[in-house]
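Colleague: fold the following and give me the result.
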Amino acid sequence: MPKRLGTELRERGRRATSIYSAELTGTLDPDLIVHLARLHGDDVVLVTANESMPIEHRDVLASTGLTVAVIDGDHGNDELQDAWKRDTVHRWAHAMQLQLPATVHRYSPLAHRRWTRRRVRAPSRDRSRFVWEQGDVQVVRPGEAPAPRRPRGRDSGAEESAPRDYRS
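Modeller: Sure thing, here's the model as predicted:
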């Protein structure tokens, strides 16, 4: 999470502490969860961008009853990661504060819901984009440029052919 996020939330009237200001950097997740539960009890929500925390630390979370808000990391642009997290937390801070104790929710800029394990994505959702050119479809992968357009029409030098019969 961005380092200044705790300060920004406090400036907006929220009771927030960052692990950076509480000098808890470098603390392993299970130790941090136990520390927060002892210090604050039910009156704390751990906001994290670690999507796998509810799986990896299931036993510790269950035994402490800590409330967790996971910031959705599925946004596709690593350059804007801090802005994405900051926007999500600011937008849903009120919902995180009202989240029931010992629950885990996932938050994104558009929605929030109970946290569930993500399914494996189908190959068709590989963030390719489609370029439509006069009836032809061209798949363009991230980082690639579309292929140059083929000339069309009478001046293209291409022979006109009879329509194909696909029934045979």
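
Colleague: what's near enough to touch residue 7?
Modeller: Counting by Cβ atoms under 8 Å, 6 or more residues apart in numbering, residue 7 makes contact with 18, 21. In short, each C-beta sits where N, CA and C put it, glycine included.

Colleague: sorry, wrong one. I was asking about residue 113.
Modeller: By Cβ under 8 Å, 6+ apart, the neighbours of residue 113 are 105, 106.

Colleague: quick one: it is in a strand?
Modeller: Yes - counting by DSSP: H, G, I helix; E, B strand; the rest coil, residue 113 is part of a strand.

Colleague: report the beta-bridge partners for it.
Modeller: Counting by DSSP bridges, residue 113 is bridged to residue 106.

Colleague: can you read off the pLDDT for it?
Modeller: Residue 113 is assigned a pLDDT of 88 by the prediction.

Colleague: is it true that residue 35 touches residue 29?
Modeller: No - look at residue 35 against residue 29 with Cβ atoms under 8 Å: they stay out of range, at 10.5 Å.

Colleague: report the buried residues of whatever helix or strand residue 90 lives in.
Modeller: Assigned by DSSP states H and E, residue 90 belongs to helix 81-98. Applying a neighbour-count criterion of 16 or more other Cβ atoms under 10 Å, one finds 84, 85, 86, 88, 89, 92, 93, 96 buried in helix 81-98.

Colleague: show me the contact partners of that helix.
Modeller: 1-2, 5, 8-9, 12, 14, 45, 47, 49, 69, 71-73, 75, 77, 105, 107-109, 112.

Colleague: filter those residues to the buried ones?
Modeller: Counted by 16+ other Cβ under 10 Å, those give 1-2, 5, 8-9, 45, 47, 49, 69, 71-73, 105, 107-108, 112 as buried.

Colleague: now, which of these lie within strands?
Modeller: 45, 47, 69, 71, 105, 107, 112 (DSSP state E).
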